[in-house]
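Undergrad: predicted model and sequence below, questions to follow.
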Amino acid sequence: MRVVVAEDSVLLREGIVRLLSERGFEVVGQAADADELLRKVGAHKPDVVVADIRMPPTNTDDGLRAAIEIRERHPDTGVLVLSAYVEEAYAMELVSDTAERVGYLLKDRVADVDAFVEALRRVGEGGSALDPEVVSRLLGRARRNDPLAELTKREREVLELMAEGRSNVAIAEKLVVTERAVEKHVTSIFGKLNLTPAAEDHRRVLAVLTFLRS
Amino acid sequence: MTLSKRAVWALAVLGFACGIALVPGIATSDFAEDRGLWIALDLVIGFGFIGTGAFAWRRRPGNRVGALMMATGFAWYLSVAPLVDSAFLFTVGQATSNLFVATAIHLLLAFPSGRLEQPVDRLVVGVAYLATTVGALIPMLFLDPVALGCANCPDNLLLVDSNRSFFESWYDSLGVVGITVLLSTLAILVARWREASPPLRRIVGPVFAAGGLLMVGLAGLLAVSIAGAEWQATKTIFYATLIPFGLVPYLFLFSLVQARMLRGGAVGQLVATIGETAGSGDIRDALAVALNDPSVDLAYWLQASEKYVDVQGRRIELPDSEDETRAVYHVTLDGDRVGAIVHDPTVLEDPDLLEAVGGAAALALQREQLEAALRAKVGELEQSRTRMIRFGMAERRRLERDLHDGAQQRLVSLALDLRLAHDMVRRDPAQAEQVLEGAADELGQALEELRELARGIHPALLSDRGLDPAVETLAQRAPLPVEVEAKLGDRVPEPVELAAYFVVSEALTNVVKYAQASQARVRLERDNGLVLVEVADDGVGGAEPGRGSGLRGLADRIASLGGRFEVVSAPGSGTTVRASIPCE
C-alpha cells in the first residue's frame, strides 16, 4: 500500500515512516506542510495519506483543510488525519457526507502500532477509522429523550466499535463473540435507533454518525 | 433638654408671673434703695431672658441656649428677691444672688450651639456654679444684716453666728475666684470670636460683645469691692454692668433675625463659591460654611453600580435612620438621584436652609458626581488589575503544579521503567515486556493529561474555528443537555473570543457543580458592536458573583475588555450569567 506522510515534526514523521516501512507500506512521499502534502498527493496518487491537523503555514488546522481538499480532488485516496486533541467537530467536518476512505485518530494512537496500522489499512481499503475517544464523546453527549438509553450494555459496545469503523468480523473478535451474535446486535441497534440498515461498513458508520450528531 | 412646646410656654408664664409677683414686694420694701429702678430691672431683665429663652427653646428644642436663657431669667429673680421684706425670700435670694452670673457664663460659653465644646468651658462653668452656690451658702451662716448696718432687713434664717470679719474675708477670697472665672470667660469669648468665620461672627458678635462687657464690669466690681471701695461707688458700677447683661436676650433676638437674613446671603455665597470651585472637595467646604456645620460629608450616587462613594471614589455607606448623631439630606436634580449631604442633626432645626442649600448645590454636586464616578472607576480598575495579576499568577502556579504532579511524574517513572526494561531485556524478556507495557500505559496517560492541560490554556478549536463551534463543543461535552444558539458568524478579536469562551466554560462548570439544573441554554450573538454571551440554567439559583475566584476572575477579564458582566441568580429561579464585550 502506497502512503504519503505529512507531519511537520521531523522526529515524529520519520518515526511514522520507519514504522510503516517495517509493516510493509510503501512510503512514496513525505510532507512538512499542507501545500507540500497537496503537491505530493497530486504527484504520487497514493492509496492513503497520513496527515497531522496542525501544520504550517498557519499552524492551525491546515492539515485538516488539506485532507478535505484531497478527499474532494482525489476520491480514491484514503485520508487518515492525526490530531493532538479530540475534536468531534473536526471529525465531523472530515467525514462530511461520506465515511468512505477516511479516518480521524488521536496522535497517541500511533504508539499502538498494530491498531494504527490496522486503521490505516482499513482507510486505504475504503473503510473508516474513528478514534474511540471521538466516538465515546459523541455517544456521551447529554440528550433529551435519549434513544441510546434503550440499548443494552453489549449493544452499546457494538455500537461504539461500529462507529469506529470496524467490521462485524473485527467486532466479533474484539468482543469474543460469534459473528452471528454481532449481526443480531447490529440489527437490534438499528431497530432501536430507527436507522436503515446498511451493507457496507463505511455506510453504516455514516448512518451512525448522522444519528449521533443530530 | 427637650420639653413639649406646651411645657415651655407654661414655664414662660410661670417666669412672667414670678417677675410680676416680685413687684409689690419691692415697691413696699422698707429697706431697699432705688425701688423704682429695681422694679424696672426685675421686669426688663427677667422678661427679656424668660421670653427670649422660651422663644428660642420652642424654635430649636434640641439646642440648650433657650433653656439656659430661661434659667438665667429665673436666677435673676433670685438676685432681686432679697429686696422683698420676707425672711424666706431674703435668705434664699441672698444665698443665690450671684447664681445668674454662673448661668450667664454658661449661656455665653455654650452660645450658639448650646453645648460646652471644650473641657476648659466645662471647667470655668463648673467653678462658676460652685462659687455661686456652695461658695455663697457658707458665708450665709455668718451674715447678720443688722451688723452690716441694715436695721430694717429681714432676718437671715441661716444665721449661726454673726461674724463680720469671717464673712468679709470669705467674700474677698470668693471675689478673687470670681475675677478669675470672669476673666477666663472673657478670654475664651475673645478667642472664640477671633476663630469665628465672618458669617459666624455676625451671628455671635453682639451677644459676645455684651457678654464681654458683662465680664469686664463684674470683674471690676469685684476688684473695687475687694479694695474696700464705698458702697455708692460699687453700686454705680453694678448698675452700669447690668446694662450689657440686660441687653443679652435682646441682642440674641437681633442675631436670630440677622441669621435669617444671612441665610439668603449664605445660599448666595454658596452659589458664588460653587461657581469658582475647581478642585474636588471644595463644595463640601462651601456647604460646611453655608450650613454652619463643619462635620458635613458628601456622598455621590453612582447609578451604574448603585452605591454611594466619596469624592475620592471610595465606597461609603450612608448612616441609617437609627443613627442619632448624623442625618442625611438627599439631593436630586430633575428627579435623578445625585447624592446626599450627611450632616449634624442640629442642621435639621432649620429645614428651609437645608432645602435652599441642597437646591443650590445640586448642579455642582452633579458635576462632582461625574468626577467621583471616574475615580471610582479608576479604583475598580486598579483593583481588578491587581486581581487579574494575582489570578494570572495563581493560574501559573496551578499549571506548574498540574505539570509537576501529572505529566512530569509520569515521565520520570516512564524513564525508570525504560531503564529497567533495558537492563532486563536479555535476562528476562517476558518481565521486560511487562514493564514496557506498563510504560506505554503510563505514557498514554501523560499524553492525555497534557492534552487536557493544553485545552484549559487555549482550546485549539477556538483559535482554529472561532467561538461558535468552540462553544458548541463545550455544550456537547457538558453532562447535561445544553441548547446552543450561537449566531456570531464572523470571527471576533482573539481576546474577546477567549473571554467569551471562558465565560461559557466557567458558567457551564458552575452549572454542573452547583446549580442542580436539568438543562442549560447558551446564547451567543453580536449586537451593535458588542458580543453578547448568556448562559442560563433552570437550577437552584442563589449564586453570588463576589464569591469564588471563578466568577470574580471572569468579571475582571470582561472588565479589562471594557465589557459588562452580571450574574442574575435569585434563589429558586435558576442562574443567568450575562456578559457583553465590545468587539470593535
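TA: Everything's here; your move. Numbering: from 1, shown residues only, chains lettered A, B, ... in the order given.

Undergrad: and the strand or helix carrying residue B:173, what does it pack against?
TA: Taking DSSP states H and E as the criterion, residue B:173 maps to helix B:164-195. Judged by 3 or more Cβ pairs under 8 Å, 6 or more residues apart in numbering or on different chains; DSSP states H and E, the packing partners of helix B:164-195 are helix B:99-110, helix B:119-132, helix B:134-140, helix B:198-226. Just so you know, the C-beta spots here come from the backbone N, C-alpha and C atoms, and that holds for glycine as well.

Undergrad: most tightly surrounded among those?
TA: helix B:99-110 (a mean of 25; mean count of other Cβ atoms under 10 Å in any protein chain shown).

Undergrad: what sits up against that one?
TA: B:64-65, B:68-69, B:71-72, B:75-76, B:78-79, B:116, B:121, B:124-125, B:128-129, B:131-133, B:136, B:178, B:181-182, B:185, B:188-189, B:207-208, B:211, B:214-215, B:218, B:245, B:248 (Cβ atoms under 8 Å, 6 or more residues apart in numbering or on different chains).

Undergrad: related to what we said a few turns ago, including mean pLDDT, could the helices and strands packed on helix B:164-195 go into TSV?
TA: Shown next, in TSV, are those (pLDDT from 0 to 100):
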stretch	mean pLDDT
helix B:99-110	90
helix B:119-132	90
helix B:134-140	82
helix B:198-226	83
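
Undergrad: could you dump these to TSV with distance to residue B:386?
TA: Converted to TSV, the helices and strands packed on helix B:164-195 look like this (distance: least, Cβ to Cβ, whole Å):
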stretch	distance to residue B:386
helix B:99-110	51
helix B:119-132	45
helix B:134-140	65
helix B:198-226	46
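
Undergrad: so which of the ones you listed comes closest to residue B:332?
TA: helix B:198-226 (26.8 Å; Cβ to Cβ).

Undergrad: what about residue B:235, which helix or strand?
TA: Going by DSSP H and E, residue B:235 is part of helix B:231-276.

Undergrad: quick one: list the elements packing against the helix or strand containing residue A:163.
TA: Secondary structure assignment for residue A:163, by DSSP H and E: helix A:153-164. Here helix A:153-164 touches strand A:128-130, helix A:132-140, helix A:168-175, helix A:179-192, helix A:201-213, going by 3+ Cβ pairs under 8 Å, 6+ apart.

Undergrad: which positions within stretch A:52-71 qualify as buried?
TA: A:52-55, A:60-68, A:70-71 (16 or more other Cβ atoms under 10 Å in any protein chain shown).

Undergrad: list the buried ones in the helix holding residue B:173?
TA: B:167-168, B:170-171, B:174-175, B:178-179, B:181-182, B:184-186, B:188-189, B:192.

Undergrad: before we move on, back to that, mind putting the helices and strands packed on helix A:153-164 in CSV, mean neighbour count included?
TA: Converted to CSV, the helices and strands packed on helix A:153-164 look like this (neighbours: other Cβ atoms under 10 Å in any protein chain shown):
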stretch, mean neighbour count
strand A:128-130, 27
helix A:132-140, 18
helix A:168-175, 17
helix A:179-192, 16
helix A:201-213, 20
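
Undergrad: mind putting those in JSON lines, mean pLDDT included?
TA: JSON lines is the format used below for these (pLDDT from 0 to 100):
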{"stretch": "strand A:128-130", "mean pLDDT": "94"}
{"stretch": "helix A:132-140", "mean pLDDT": "88"}
{"stretch": "helix A:168-175", "mean pLDDT": "93"}
{"stretch": "helix A:179-192", "mean pLDDT": "92"}
{"stretch": "helix A:201-213", "mean pLDDT": "85"}
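
Undergrad: among the ones you listed, which is nearest chain B?
TA: Among the helices and strands packed on helix A:153-164, helix A:132-140 comes nearest to chain B, with 6.8 Å by Cβ to the nearest Cβ.
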